[in-house]
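Asks: When you get a sec, could you give me coordinates for this:
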Amino acid sequence: MQISRKWLQQYVDISDLSIEQVADRLTNSGSEVEGIEKMSQGSNLVIGEVVSCEDHPDSDHLHVCMVNLGDSVEQIVCGAPNVAANEKVIVARVGAKLPGGEIKESVIRGVESKGMLCSLLELGVDAHHLSEESKNGIELLDKDAPIGCDDPLGYLGLDDEIMDIGLTPNRNDCLAAWSMALETGAVLEREVHIPNADGASDVGKATKLKVSSETDKCPLFLGKVIGSIKIGPSPKWIQELLMAAGIKSINNVVDISNIVMLETGQPLHFYDIDALPAQEITVKDHIHEAYTALDGIKYDLCDEDIVITTQNKPIGIAGVMGGDDSKITDETKGIIIEAAIFDHVVIRNTARRLNLNTDASIRYQKGIEPMATFKAMDRAVQLLVEYADAKDLEETVQFGSNHYTPTEIDVNVERINTLLGTDFQEDEVVKVLNNLHLNPQKQDKDIHVIVPSHRTDLIIEEDIAEEIIRILGYDRLPITMPQTTSTLGSLNKRQKLRRRLRTALSDLGYNEAISYTLVSKEKIDQAVMGQCEVVELASPMSEDRRYVRSSILPSMLDCVAYNQARSMKDIALFEISNTYGVHHVEERLCVAASGALHKNRWQKFSVEVDFYTLKGVLSALLESLGFDGNRVRFKTNQIDTKNFHPYRSAEVYLGKELLGMIGEVHPLVCKQYDIERTVAMEINLEILLKNKASKVKFTEVSKYPSVTRDFAFVVKEEVMVADIISSIKKNSRLNKENIIQQVEVFDVYTGEHVEKGYKSIALSVTFQSFERTLKDSEITEIYNKILETLKQDVQAELRA
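Replies: Numbering: from 1, shown residues only. Prediction:
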């Protein structure tokens, strides 16, 4: 928001304050002034008249001028092409300080020069506000410019200072100069005089104008016909204020539409009445047409865009820019005024898509106060009558309503002091509320306030408390030390689990990945153990980032694809992250690997990762956390055969709870991501956190010898190896000591010499005691028990 000292001075008396003092007070109240800029700069300047202008005797472009400064006539050499006798000019005397440096008496090609004739560019005026003639030569003043005036910048209205205010998102009202003046008055505790235009538009004869809306994106539309106006230059004060706001003056009518927008925050649009085929305006959407706007560029309209039409013909892109075919020109004789409310989200999307961030669209995007539409219509009519000789006014027509009801709040000084930790007195609180134009009324212990329409950010008592502290000053907050109990810093259970998993996986050679939490609908459908109800963003940045993920694996496969596409074939990644549902958040671990587990190119040796690679990693992780093999079970995958290979994957259970999924990624999924064979697992860490882990105990290496016996059994094909191992371990105790230390499968055979429907399982069992050397008879005893148990449990027969 840019507002100048002169503009504020129209409403609030700040003549006794410097612009820096005003800026400091506003910044301390929360409206941060990010910069102060002078419209022009220069000292020791005077208005002069060129008495004579002769060519320089030693130059083809310089001129020797005699200039009347009022108190003297000085000789000045000037190279501007437009300098001429009898012209009024701005003269920088010797000693003047300009943005480009100090003016000194000099001799130019043998001719003495005492000063400089100035252009506005040389005085620091923004080139955006200047005509090509002004840019290319010195500034020529009006014939009535007073010779000898020592304030030429003030004469031109360029002696202004502009504050650039960075508004917080809740203070969109301060985009209006009137609201900014009210804010300044409240901060400085001074009276504010806003121009009174109430009811100025409530005049006019009967009209034929009809306005309507066929979309709910336009709840309110005002229209008014002014049958006769006179186009001409704007008054000086309007030109100066527009220049200070960075808007170029065009003519009185267009300038009034701009000045009213800046004053009230409500964009207006004026249509040339003769350019419209009929006095009928309808707001529509779903218009498919290429439309030429005021800037002369054609824009393709889409379904979402709000369009102003007459007889189904577009005449403006609502809230963004009017049309080239109905703009105000020097030949305009009458106008139709439009003031409306449009959906701010639609305006934002349209402005972004068309790359048209106009002053109007910026204000619509941030939100406009509900009564601004009526204020702007009244003010526009008032100024048009005064400065454009507006006549033949017709009655204002209205479609819809703003549905505005003033917000009323009861506040209590005691509650405010409790909230802020202050000791404010009631009289100073009431004074602040009065300065904010909240019309406070005492009601027992409470104070009843009515919020003015421009303060849409004040809704609850806490908002009022914030207003009071920022106006009275944050330095009124008492200095207190935080009262907290001393605690010993430590990691909680969840943090310890994360750290141990990261450390263990990093030690195993896995690299941690951090992938994006927002995903597409496709990845939501590919979720492993996904949530029933997923979180969808109300305003996503793109369709690929519409949902909050409920599984890590799809994102991890993107990481695998990224690396493989860059010739990184041996991949070992893990990620620990939250997954989300509407009613539930789960922290999970995902691991993915592809390529070689071990590789030695010299010896031409390579071991590729497979299901058992990750099964070993998971078993090692769980064992290190205190979840031993008896509590962890692997079952045939029947839950997710869409993401995992149906015969090379498993469900993992901790007790009776599903812990996660592990296995080879389904070939069709690999093809979809364009990746080589990959194994992965996703584990729900919430299961580990809510289950109590066993203590992990150190066991020394036995100093007694071990004995290994091999078994070969014939069992039915459907018998699971895990059931065979479990049956063997039932017999591990001898005299209250576990002597079976390891059971390892080293062969599975089907084919010749094995009956159809059966398979041969070969296992190696290691026997060892930690207390003594085992006797051969004791091993034989356990061996026979194993045979009996296997025959009973899985009908296993010892293979001959």
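Asks: Let me see the contact set for the residue nearest to S106 when sequence neighbours are not counted.
Replies: Counting by Cβ to Cβ, 6 or more residues apart in numbering, S106 lies nearest to S113, which is 5.4 Å off, once chain neighbours are set aside. Every C-beta, even on glycine, is put in place using the N, C-alpha and C of the backbone. Contact analysis of S113 by Cβ atoms under 8 Å, 6 or more residues apart in numbering lists 75-77, 105-107.
Asks: buried subset of those?
Replies: Neighbour counting with 16 or more other Cβ atoms under 10 Å marks 76-77 as buried within the contacts of S113.
Asks: Show me which of the contacts of S113 is closest to L501.
Replies: S106 (78.7 Å; Cβ to Cβ).
Asks: Retrieve the pLDDT associated with that closest one.
Replies: Here, the pLDDT recorded for S106 equals 92.
Asks: can you give me how far the lowest-mean-pLDDT helix or strand in the chain is from the chain middle?
Replies: Within the chain, confidence by mean pLDDT, DSSP states H and E is lowest for strand 733-734 among all helices and strands, at a mean of 80. Using Cα atoms, centre = their mean, to the nearest Å, the mean C-alpha position of strand 733-734 is found 67 Å from that of the whole chain.
Asks: Repeat that for stretch 413-433.
Replies: With Cα atoms, centre = their mean, you get 35 Å for stretch 413-433.
Asks: Contacts for it, please.
Replies: 186, 189, 439-440, 442, 445, 447, 449, 461-462, 464-465, 467-469, 471-472, 476-478, 480.
Asks: What subset of those residues is buried?
Replies: Taking 16+ other Cβ under 10 Å as the criterion, what is buried in those is 186, 440, 447, 449, 461, 464-465, 467-469, 471-472.
Asks: So which of these sit within strands?
Replies: 447, 449 (DSSP state E).
Asks: now, which of the buried ones among the contacts of stretch 413-433 lie within helices?
Replies: 186, 461, 464-465, 467-469, 471-472 (DSSP state H).
Asks: Let me have those in a markdown table, adding distance to K716 and pLDDT as columns.
Replies: Shown next, in a markdown table, are those (distance: Cβ to Cβ, whole Å; pLDDT from 0 to 100):
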| residue | distance to K716 | pLDDT |
| --- | --- | --- |
| A186 | 88 | 94 |
| E461 | 76 | 94 |
| I464 | 80 | 95 |
| A465 | 78 | 94 |
| E467 | 81 | 94 |
| I468 | 83 | 95 |
| I469 | 80 | 94 |
| I471 | 86 | 93 |
| L472 | 86 | 92 |
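Asks: List the residues that contact Q564.
Replies: 571, 594, 674-676 are the contacts of Q564 under Cβ under 8 Å, 6+ apart.
Asks: how far does stretch 437-445 stretch from start to finish?
Replies: 20 Å (Cα to Cα, to the nearest Å).
Asks: contact partners of that stretch?
Replies: Contacts for stretch 437-445 (Cβ under 8 Å, 6+ apart): 182, 186, 410, 412, 414, 430, 433-434, 447-452, 458, 464.
Asks: Just give the nearest non-adjacent residue to the most centrally placed residue in the chain, would you?
Replies: Nearest to the mean C-alpha position of the chain, by Cα atoms, centre = their mean, lies M541 at 9.1 Å. Once flanking residues are discounted, M541 sits nearest to L518: 7.9 Å by Cβ to Cβ, 6+ apart.
Asks: Distance of that neighbour relative to H584?
Replies: Distance check for L518 against H584: by Cβ to Cβ, to the nearest Å, it reads 18 Å.
Asks: If you count surrounding residues, which of these two has more?
Replies: L518 (17 against 12; other Cβ atoms under 10 Å).
Asks: and that one, what is it in contact with?
Replies: So L518 contacts 537, 540-541, 544-549 (Cβ under 8 Å, 6+ apart).
Asks: Kindly write the PyMOL command that selects the buried subset of these.
Replies: Entered in PyMOL, the line below selects the buried ones among the contacts of L518, by 16+ other Cβ under 10 Å:
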select buried, resi 546+547+548+549
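Asks: Give me the number of neighbouring residues for L383.
Replies: When neighbours are counted by other Cβ under 10 Å, L383 comes out with 25.
Asks: What is whichever strand or helix holds K785 packed up against?
Replies: Element membership for K785, per DSSP states H and E: helix 776-794. Here helix 776-794 touches strand 707-716, helix 721-729, strand 733-734, strand 758-767, going by 3 or more Cβ pairs under 8 Å, 6 or more residues apart in numbering; DSSP states H and E.
Asks: list the buried ones in stretch 490-499?
Replies: Buried residues in stretch 490-499 (16+ other Cβ under 10 Å): L497.
Asks: For it, give me every contacting residue.
Replies: Here stretch 490-499 makes contact (Cβ under 8 Å, 6+ apart) with 576, 587, 625, 685, 688-689.
Asks: Output that stretch as CSV, nothing but the C-alphas.
Replies: Output of stretch 490-499 as CSV, limited to C-alpha atoms (Å, rounded to 0.1, in the frame of the first residue of the first chain):
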residue,chain,number,x,y,z
SER,A,490,15.9,-36.4,27.2
LEU,A,491,14.4,-38.2,24.2
ASN,A,492,10.9,-39.6,24.4
LYS,A,493,10.0,-43.1,23.3
ARG,A,494,9.2,-42.0,19.7
GLN,A,495,12.4,-40.0,19.3
LYS,A,496,14.5,-42.9,20.6
LEU,A,497,12.9,-45.3,18.2
ARG,A,498,13.5,-42.9,15.2
ARG,A,499,17.1,-42.5,16.2
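Asks: Work out the gap between it and the centre of the chain.
Replies: Here the centre of stretch 490-499 is set off from its chain's centre by 32 Å, with Cα atoms, centre = their mean.
Asks: average pLDDT across it?
Replies: 92.
Asks: now swap in stretch 386-401 and tell me
Replies: 94.
Asks: And A290, what's its pLDDT?
Replies: 88.
Asks: From what I see, it and C302 are in contact.
Replies: No: A290 is not in contact with C302 according to Cβ atoms under 8 Å; the separation is 11.2 Å.
Asks: circling back: of the contacts of Q564, closest to V745?
Replies: S594 (25.1 Å).
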